[in-house]
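>>> Fold the stuff below for me.
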Amino acid sequence: MSYNILQERLDAAIVTAHDAGNYILLQETSNIRVSAKGLNDSVSDTDIAVEKLIFNNLQKSFPGDRFLGEEQGERGSGNGGRWIIDPIDGTDNYIRSIPNFTISIAYEDSSGNLSLGVVYNPVQKELFSAVKGCGAFINGRTINVSGITDPSSAVSIIAPPRKSYERTSDYFRLMEDIFLNTRDVRRFGSAALELCYVACGRVEAYYEMGLKYYDIAAGMVVLKEAGGRYSSFSHSENLIENGNILATNGYLHDWYSEKIHDNMGV
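Presented below is the predicted three-dimensional model:
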């Protein structure tokens, strides 16, 4: 797919992300209706409205493209590429007025290759963007992963398995091992945001279990274009299918991967 075609879609995704962010910020969180989709998985009426806004904007501009959204699933039957949409990644943060939530929009070309990603935090006014082969940016400024190579200087984002309680013991053994051998740990509550924080060098690593493709697609593009690396927990796992992701600055990827293997047996 040509650069001009991708640039056109990137521009549209950025405008749409800003529109969605403005809509979210106008909502009064005390009036939001929230329901449960599953274990520790919430959806608000704002999630649904924002996904419709994103779909309508992009479908109008690119009627031949298809869509996969968290709330509305697969839509469209054209022969173009496919948009991967998470209208609010970090819904629990949003409904509690915690500012760490994002709008996540990714695009696959017609061959299924991830080609661009946009992640927008509307409260903090930070927009991460990337097109395959063209680098990664925050608000238009180039970003890169950190150059830290010593685990003892690394900051890790660790996300407990809140949808996989059966792995709790293994997971907290892993958490303890990493905590004792690195500088510090964090947790922000939005997978897309956490991938972008690795991408811009704020942290060195992030791992989480059981995510969905729409949680991580846009952040994966941004991370890779910033020089980072991502993988499943083991070679035998399919990242898109099981959502067990390890994301690092690249330099420390093998070290974190070994810790996961040693503590979780994968």
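>>> ranges for the helices of the stretch 1-150 of the chain?
Along the stretch 1-150 of the chain, the stretches classed as helices by DSSP state H, counting those that start in this stretch are 3-26, 45-61, 91-95.
>>> so which of the ones you listed is the most packed in?
Each of those was given a mean neighbour count from mean count of other Cβ atoms under 10 Å, and the largest, a mean of 21, is that of helix 91-95. Backbone N, C-alpha and C define where each C-beta goes, glycine included.
>>> For that one, what is the distance to the chain centroid?
Taking Cα atoms, centre = their mean, to the nearest Å, one finds helix 91-95 lying 15 Å from the centre of the chain it belongs to.
>>> for that helix, packing partners?
For helix 91-95, the contact count by 3 or more Cβ pairs under 8 Å, 6 or more residues apart in numbering; DSSP states H and E identifies strand 41-44 as packing neighbours.
>>> For A136, see how far away the closest residue to T29 other than its chain neighbours is.
Setting aside the residues directly before and after it, T29 is nearest to S97 in space (Cβ to Cβ, 6 or more residues apart in numbering), at 5.5 Å. Plainly put, S97 is 29 Å away from A136 if you go by Cβ to Cβ, to the nearest Å.
>>> more crowded one of these two?
More crowded of S97 and A136, by other Cβ atoms under 10 Å: A136, with 25 against 10.
>>> Quick one: closest of the helices of the stretch 1-150 of the chain to K132.
With Cβ to Cβ as the measure, helix 3-26 is the member of the helices of the stretch 1-150 of the chain nearest K132 (7.3 Å).
>>> and W255, what does it touch?
Counting by Cβ atoms under 8 Å, 6 or more residues apart in numbering, W255 touches P151.
>>> now it: how far from Y197?
Counting by Cβ to Cβ, the gap from W255 to Y197 is 19 Å.
>>> need the helices of the stretch 1-150 of the chain in a markdown table with distance to D184 and mean pLDDT, can you?
Conversion of these to a markdown table gives the following (distance: least, Cβ to Cβ, whole Å; pLDDT from 0 to 100):
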| stretch | distance to D184 | mean pLDDT |
| --- | --- | --- |
| helix 3-26 | 29 | 95 |
| helix 45-61 | 32 | 95 |
| helix 91-95 | 21 | 92 |
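>>> In JSON lines: those, plus distance to S35.
As requested, these are exported to JSON lines (distance: least, Cβ to Cβ, whole Å):
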{"stretch": "helix 3-26", "distance to S35": "18"}
{"stretch": "helix 45-61", "distance to S35": "9"}
{"stretch": "helix 91-95", "distance to S35": "11"}
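>>> now the strands for the stretch 151-266 of the chain?
Along the stretch 151-266 of the chain, the segments classed as strands by DSSP state E, counting those that start in this stretch run 155-158, 184-186, 205-208, 229-232, 245-248.
>>> same for the last one, what does it pack against?
Strand 245-248 is packed against helix 191-199, strand 205-208, helix 213-225, strand 229-232, helix 253-264, with contacts defined by 3+ Cβ pairs under 8 Å, 6+ apart.
>>> Measure how far it is from the centre of its chain, please.
A distance of 11 Å separates the centroid of the chain from that of strand 245-248, by Cα atoms, centre = their mean.
>>> Now it - C-alpha only, CSV.
Presented in CSV, the C-alpha positions along strand 245-248 are these (Å, rounded to 0.1, in the frame of the first residue of the first chain):
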residue,chain,number,x,y,z
ILE,A,245,2.0,-9.7,25.3
LEU,A,246,5.5,-8.7,26.3
ALA,A,247,6.6,-5.3,25.1
THR,A,248,10.1,-3.9,25.7
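>>> quick one: contacts of it?
Taking contacts as Cβ under 8 Å, 6+ apart, the residues outside strand 245-248 that touch it are 145, 191, 194-195, 198, 204-208, 211, 216, 219-220, 223, 228-233, 239, 253, 256-257, 260.
>>> rerun that using 7 Å as the cut-off
Applying Cβ atoms under 7 Å, 6 or more residues apart in numbering, the contact partners of strand 245-248 are 195, 198, 204-208, 211, 216, 223, 228-233, 239, 256-257, 260.
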